[in-house]
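A.B. asks: got a predicted model here, sequence first, then my questions.
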Amino acid sequence: MFVYSLPLFFSQVGLASPLELLIMVMALFGMLLISAGDTNEINKTQSKASYLFAAWMGQARLVWVFWPFFIILNASLYTADTLVKMGLLTVSSWDDVHLMLLLPIVWWITAIWRCAANTQFKVFAAGARLVTFAVLFEYALKLLLRIEYPRLFFGCEELLLDYGSCF
């Protein structure tokens, strides 16, 4: 996350400075830490068939809900952005990748918020919830770059077939 989009946000878009964004993130983390309720560690193991349902219902451990999808999501976003920067992925294909990831992200955010109590420390629950806000911010930032500043992110001179998407 934020490998290509955040530098463009600070250098070209300029809606906020790095210090302002850091202050907002720390304030949000503080609010999430204060609002995190009691935590209880779940020690029972789930079968693989019921993993998705257990995570959706908030009955899985936070670590098993957070990390697998976080790694897959970041690898997917980084790969799509790198392919766009290299000119190997068109603008509409980049849109398709983000649209395909949208429903799993909704599932993941819901599962994180429901499973946040299933950890040892409140800091982990607040951190996981903060990352869900970061994913939503990343998507909003990519949407802003896609709609308002496509020439900054996409190599529009190299995309002959999809040149109309750069306007």
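C.D. replies: Looks like it came in fine. No experiment lies behind these values; they were computed from the predicted model shown.

A.B. asks: contacting residues around the closest residue to residue 113 other than its chain neighbours?
C.D. replies: Spatial nearest neighbour of residue 113, excluding adjacent residues (CB to CB, 6 or more residues apart in numbering): residue 129 at 6.4 Å. For every residue, glycine as well, the C-beta is placed using N, CA and C. Contacts for residue 129 (CB atoms under 8 Å, 6 or more residues apart in numbering) come out as 32, 36, 112-113, 116.

A.B. asks: where's residue 129, which helix or strand?
C.D. replies: helix 122-147 (DSSP states H and E).

A.B. asks: buried ones in the very next helix or strand once past that helix?
C.D. replies: Going down the chain from helix 122-147, the next helix or strand is helix 150-153, by DSSP H and E. Judged by neighbour count using 16 or more other CB atoms under 10 Å, the buried positions of helix 150-153 are residue 153.

A.B. asks: okay, which residue is most central for this structure?
C.D. replies: Centre of the chain computed as the mean C-alpha position; nearest residue by CA atoms, centre = their mean is residue 135, 2.3 Å away.

A.B. asks: distance from stretch 81-101 to the middle of the chain?
C.D. replies: Taking CA atoms, centre = their mean, to the nearest Å, one finds the center of stretch 81-101 at 16 Å from the center of the full chain.

A.B. asks: same deal with stretch 21-33?
C.D. replies: What separates the centre of stretch 21-33 from the centre of its chain is 17 Å, taken as CA atoms, centre = their mean.

A.B. asks: in it, what counts as buried?
C.D. replies: Within stretch 21-33, the residues scored as buried using 16+ other CB under 10 Å are 29, 32.

A.B. asks: so which residues of this structure form helices?
C.D. replies: 5-8, 18-35, 51-57, 62-86, 91-115, 122-147, 150-153 (DSSP state H).

A.B. asks: can you redo those helices as JSON lines, where the extra columns are mean pLDDT?
C.D. replies: Below are the helices of the chain laid out as JSON lines (pLDDT from 0 to 100):
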{"stretch": "helix 5-8", "mean pLDDT": "85"}
{"stretch": "helix 18-35", "mean pLDDT": "92"}
{"stretch": "helix 51-57", "mean pLDDT": "87"}
{"stretch": "helix 62-86", "mean pLDDT": "93"}
{"stretch": "helix 91-115", "mean pLDDT": "93"}
{"stretch": "helix 122-147", "mean pLDDT": "93"}
{"stretch": "helix 150-153", "mean pLDDT": "79"}
